[in-house]
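A.B. asks: This is a predicted model, with the sequence first.
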Amino acid sequence: MARKKMGDTRRKQILEGMLKAMAEQGLMKINMSDVAEAAGLSRGILHYYFKNKDEMIGALVAHLRDLHMLRFRSMTEKIEDSWQLLKDSLWYPVQAFGTGGAPLARVWIEFWGLASHHPEVHSFINEVQQELRRHFREILQAGIATGSFSVEIHPEHLASLILSVLEGSIVQWHMRPDTKLVSDNIGQLEKMLEKHLQV
C-alpha cells in the first residue's frame, strides 16, 4: 500500500518521472535512481512514498487509468453528435500522446508484456480495454438509436475491431516512431467507418 494519497503533488511528480524513465529506457532497465533523476527528486524521497519499483508500477497504472478514462468520459459528456464523438475518440491516441508519442507507445507495450505476470497491470489493461469497448459500443448504439448510423456489424464486434486497430497502431508507432503512420491509419479507419456507418 502506498504511503501517500494519489492527490499528493510530489507523488504525481514521481509517477510522471517513472513514466518518462520507462519511455526512455524501458521498464526492465530502470531503477529507483533513474526514476528519481527523471522526476528531479532525491532517491530518498522516492522511498518515502514507495517501497520499491513494483509498488510504483501499481500506482502508475492507477494514475494512467484515472487520467485517460476521465478524459474519455469528459469527451462523452461534451459531444452529443455520435459521429463527431466517434471521430474524436478515434483520434484520442494521437492527441493524448502528442507528436512525441512513440516513447509513450513503448510504455503501453511494456505494460502489455508485464500484464502476464503482474496482477495489477493485468487488471489495468483489462479494465482499460473493457472501458474502451464500452465507450465505442455506446457511441455506435446511440448513433443507431438516433438513425445516424446504419450498422451491419453488431456494435460490440465493431467496437472490438476499432479497439484492435487503435492498439495495433500503437504497436506500429513503437516499431516505427512516426506520428504520420498512426495518423494515416486512423484517417483510413475514419473513412471506412464513415462509408459503412453513416446513413
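C.D. replies: Received the coordinates, thanks. Values in this document were obtained by computation on a predicted structure and should not be read as measured data.
A.B. asks: Where does the most centrally placed residue in the chain fall, secondary structure wise?
C.D. replies: For the chain, the residue nearest the mean C-alpha position is residue 68 (6.1 Å; Cα atoms, centre = their mean). Taking DSSP states H and E as the criterion, residue 68 maps to helix 53-78.
A.B. asks: Show me what that helix is packed up against.
C.D. replies: Using 3 or more Cβ pairs under 8 Å, 6 or more residues apart in numbering; DSSP states H and E, the elements in contact with helix 53-78 are helix 9-25, helix 32-39, helix 82-90, helix 92-97, helix 119-145. Where C-beta positions appear, they are placed from N, C-alpha and C, glycine not excepted.
A.B. asks: Now do the buried residues in it.
C.D. replies: 53, 56-65, 68, 72, 75 (16 or more other Cβ atoms under 10 Å).
A.B. asks: gap between that helix and the chain center?
C.D. replies: 8 Å (Cα atoms, centre = their mean, to the nearest Å).
A.B. asks: now it against helix 9-25, angle please.
C.D. replies: Angle, helix 53-78 to helix 9-25, by axes from the mean of the first three to the mean of the last three Cα atoms, to 10 degrees: 100 degrees.
A.B. asks: Taking helix 32-39 as reference, get the angle to helix 53-78.
C.D. replies: Going by the same axes, to 10 degrees, helix 53-78 makes 40 degrees with helix 32-39.
A.B. asks: Averaged pLDDT, helix 53-78. What do you get?
C.D. replies: Averaged over helix 53-78, pLDDT sits at 78.
A.B. asks: Show me what counts as buried in stretch 136-156.
C.D. replies: 136-137, 139-144, 148-149, 155.
A.B. asks: Output that stretch as PDB - backbone C-alpha positions only.
C.D. replies: Written as PDB, here are the backbone C-alpha positions of stretch 136-156 (Å, rounded to 0.1, in the frame of the first residue of the first chain):
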ATOM      1  CA  PHE A 136     -17.200   2.700 -28.700                       C
ATOM      2  CA  ARG A 137     -20.200   0.400 -28.300                       C
ATOM      3  CA  GLU A 138     -22.300   3.100 -26.600                       C
ATOM      4  CA  ILE A 139     -21.400   5.600 -29.300                       C
ATOM      5  CA  LEU A 140     -22.500   3.100 -32.000                       C
ATOM      6  CA  GLN A 141     -25.700   2.200 -30.200                       C
ATOM      7  CA  ALA A 142     -26.500   5.900 -29.700                       C
ATOM      8  CA  GLY A 143     -25.900   6.500 -33.400                       C
ATOM      9  CA  ILE A 144     -28.200   3.600 -34.400                       C
ATOM     10  CA  ALA A 145     -30.900   4.700 -32.000                       C
ATOM     11  CA  THR A 146     -31.000   8.200 -33.400                       C
ATOM     12  CA  GLY A 147     -30.900   7.000 -37.000                       C
ATOM     13  CA  SER A 148     -27.400   8.500 -37.700                       C
ATOM     14  CA  PHE A 149     -25.700   5.100 -38.200                       C
ATOM     15  CA  SER A 150     -26.600   2.100 -40.200                       C
ATOM     16  CA  VAL A 151     -24.600  -0.800 -38.800                       C
ATOM     17  CA  GLU A 152     -24.400  -4.300 -40.300                       C
ATOM     18  CA  ILE A 153     -21.900  -5.500 -37.800                       C
ATOM     19  CA  HIS A 154     -23.100  -5.800 -34.200                       C
ATOM     20  CA  PRO A 155     -21.900  -2.700 -32.200                       C
ATOM     21  CA  GLU A 156     -20.000  -5.000 -29.700                       C
END
